[in-house]
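Novice: Provided below for reference: sequence and predicted model.
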Amino acid sequence: AAFPDNAATLAAANAALAYVLSRVAIVDLYDARWPAAEAKLQRAADVARTFGDRRLREEAVGVLGITLFFAGRFREATGNFESMKTSAHFSNNVQIQAWATMMTAAVLVRTGTAEAAGVEYAAIADWVGKNATKSEVLWANGIEALARVRRGDPKGALELADSLLPYVKKRPVAYWVQHALAAVAETYLSLWAAAPAGSPEAATLRSKAAIGCLAMRRFGGAFPFGRPQALLWDGVFAAQAGQIGKAVQHWHQCIAVCDKLNMPWEAALAKRELGRHTPKGDPQRNVWLDKAVDELETLGARWDLDL
C-alpha cells in the first residue's frame, strides 16, 4: 500500500510545483521579464504533462502563448494557441477552447486579415454572449471591434466598443485584457479620425477615445508591460487633437520604454507614427518609416504595415 501513497504524494507535489511556477511566471510577465516567464511556464507545462494534469498543462501553455504574444512573438504564440485548442477539444473543455480561439483572433488582428479574425470570433460569439465572464467579454469583443473597423464596418465596431465602455471605465484587475483594452482605444481613435472634422460625431468619438486612452494609462500604471501601449495611443490621441509636439514626445517615450522592456511591436508602431507625422520634405520621415516597415515585417505584423 506504500507505493500508491508515494505515487499520489509525488503527483500532488508536482501538481503544486506546476501551479506555483505558472503563478510566479505571471509576476514576471507583469514586469516584462519575458525569458524568466517563458522558462517557468515551459517547465510548468512539462511537469503537468508528465503527471497527466491536462488542465494545468493547458493553462500553462495558454499563458505561455499570451506571454509570447505580449512580447511580440506572434508566430510562436500561434503554435501555443493551436496546441491549447487541440488539447481542450479532446478534454471537451469549452472555456479553454474559447480562450485559445480569442487569442488566435488577437494574433490574426496583427498578422492576418480582419476577415480571418472575424471567423475565429464567430466560432465563439454564442459562448461569449451566454457564458463568458466580464473580462472574457472584454477580451473577445475588444478584438472583434477593432477587426470590424478594418473590415469596413464602423457601425458594428462602434456598437461593440460602446457595449464595452462599462468594463473599460473600471480599474484593471486582469493582466490578460491588455490587448483588448488597447483595441478599444484604437477602435475609437480610428473612428474619430474618419469622422467629419468639427462634427458632433467627431466630438463624441473623441470623448470615447479619451476614455479608452485613460483605461490604457491605468493599465500601464498597474502592469508595467502595458505602459508602451498607453504611450503609443496617448500619442495618437494628441496628434489627432492637433498637439503634434506632445504626440512626438509620447512616441519617443514609448520607444525608450519598449527598448527597456524588449517590446518590439509597440516600438515599431511608435516609429510608424513618428514617420507618418514627420513632414514629407524631411528626410527623417523615411528613416522612421523604413525602420517601422523592417521591424513590422520581421514580426509578421502585416496588419500594421498600412503607412
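Specialist: It's in.

Novice: now the helices for the protein?
Specialist: Taking DSSP state H as the test, the helices found in the chain are 2-30, 34-50, 54-70, 74-91, 94-111, 114-131, 134-150, 154-168, 178-194, 200-222, 227-240, 244-261, 264-276, 283-299.

Novice: Present these as JSON lines; the columns should include mean neighbour count, distance to residue 306 and mean pLDDT.
Specialist: Just so you know, the C-beta spots here come from the backbone N, C-alpha and C atoms, and that holds for glycine as well. JSON lines is the format used below for the helices of the chain (neighbours: other CB atoms under 10 Å; distance: least, CB to CB, whole Å; pLDDT from 0 to 100):
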{"stretch": "helix 2-30", "mean neighbour count": "14", "distance to residue 306": "29", "mean pLDDT": "81"}
{"stretch": "helix 34-50", "mean neighbour count": "19", "distance to residue 306": "27", "mean pLDDT": "95"}
{"stretch": "helix 54-70", "mean neighbour count": "24", "distance to residue 306": "21", "mean pLDDT": "93"}
{"stretch": "helix 74-91", "mean neighbour count": "18", "distance to residue 306": "17", "mean pLDDT": "91"}
{"stretch": "helix 94-111", "mean neighbour count": "23", "distance to residue 306": "12", "mean pLDDT": "93"}
{"stretch": "helix 114-131", "mean neighbour count": "16", "distance to residue 306": "12", "mean pLDDT": "94"}
{"stretch": "helix 134-150", "mean neighbour count": "24", "distance to residue 306": "9", "mean pLDDT": "95"}
{"stretch": "helix 154-168", "mean neighbour count": "18", "distance to residue 306": "16", "mean pLDDT": "97"}
{"stretch": "helix 178-194", "mean neighbour count": "25", "distance to residue 306": "11", "mean pLDDT": "97"}
{"stretch": "helix 200-222", "mean neighbour count": "19", "distance to residue 306": "19", "mean pLDDT": "97"}
{"stretch": "helix 227-240", "mean neighbour count": "25", "distance to residue 306": "14", "mean pLDDT": "98"}
{"stretch": "helix 244-261", "mean neighbour count": "18", "distance to residue 306": "17", "mean pLDDT": "98"}
{"stretch": "helix 264-276", "mean neighbour count": "23", "distance to residue 306": "9", "mean pLDDT": "98"}
{"stretch": "helix 283-299", "mean neighbour count": "16", "distance to residue 306": "10", "mean pLDDT": "96"}
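
Novice: do you know which of those helices lies nearest residue 305?
Specialist: Proximity to residue 305 (CB to CB) singles out helix 283-299 among these, at 5.4 Å.

Novice: Give me the helices and strands touching that closest one, please.
Specialist: helix 264-276 (3 or more CB pairs under 8 Å, 6 or more residues apart in numbering; DSSP states H and E).

Novice: can you give me the angle the helix it packs on makes with helix 54-70?
Specialist: Taking axes from the mean of the first three to the mean of the last three CA atoms, to 10 degrees, one finds helix 264-276 and helix 54-70 inclined to each other by 30 degrees.

Novice: Tell me which residue is most central in the protein.
Specialist: residue 179 (2.5 Å; CA atoms, centre = their mean).

Novice: Let me see the contact set for that residue.
Specialist: For residue 179, the contact set (CB atoms under 8 Å, 6 or more residues apart in numbering) comprises 69, 70, 106, 142, 143.

Novice: hmm, back to that, export the helices of the chain to TSV and append columns for distance to residue 305.
Specialist: Supplementary listing: those in TSV, determined by distance: least, CB to CB, whole Å:
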stretch	distance to residue 305
helix 2-30	27
helix 34-50	24
helix 54-70	18
helix 74-91	13
helix 94-111	10
helix 114-131	14
helix 134-150	12
helix 154-168	20
helix 178-194	15
helix 200-222	23
helix 227-240	16
helix 244-261	18
helix 264-276	9
helix 283-299	5
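
Novice: ok so, going back, distance to residue 160 for the contacts of residue 179 - can I get that in JSON lines?
Specialist: Below are those laid out as JSON lines (distance: CB to CB, whole Å):
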{"residue": "69", "distance to residue 160": "21"}
{"residue": "70", "distance to residue 160": "23"}
{"residue": "106", "distance to residue 160": "15"}
{"residue": "142", "distance to residue 160": "8"}
{"residue": "143", "distance to residue 160": "10"}
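
Novice: And the nearest residue to residue 285 once chain neighbours are set aside, how far from residue 153?
Specialist: Residue nearest to residue 285 in three dimensions, not counting chain neighbours: residue 278, with 3.9 Å by CB to CB, 6 or more residues apart in numbering. Per CB to CB, to the nearest Å, residue 278 is found 31 Å from residue 153.

Novice: Also residue 15?
Specialist: In this view, residue 15 and residue 153 are 45 Å apart by CB to CB.

Novice: Before I go, just wanted to say thanks for your time.
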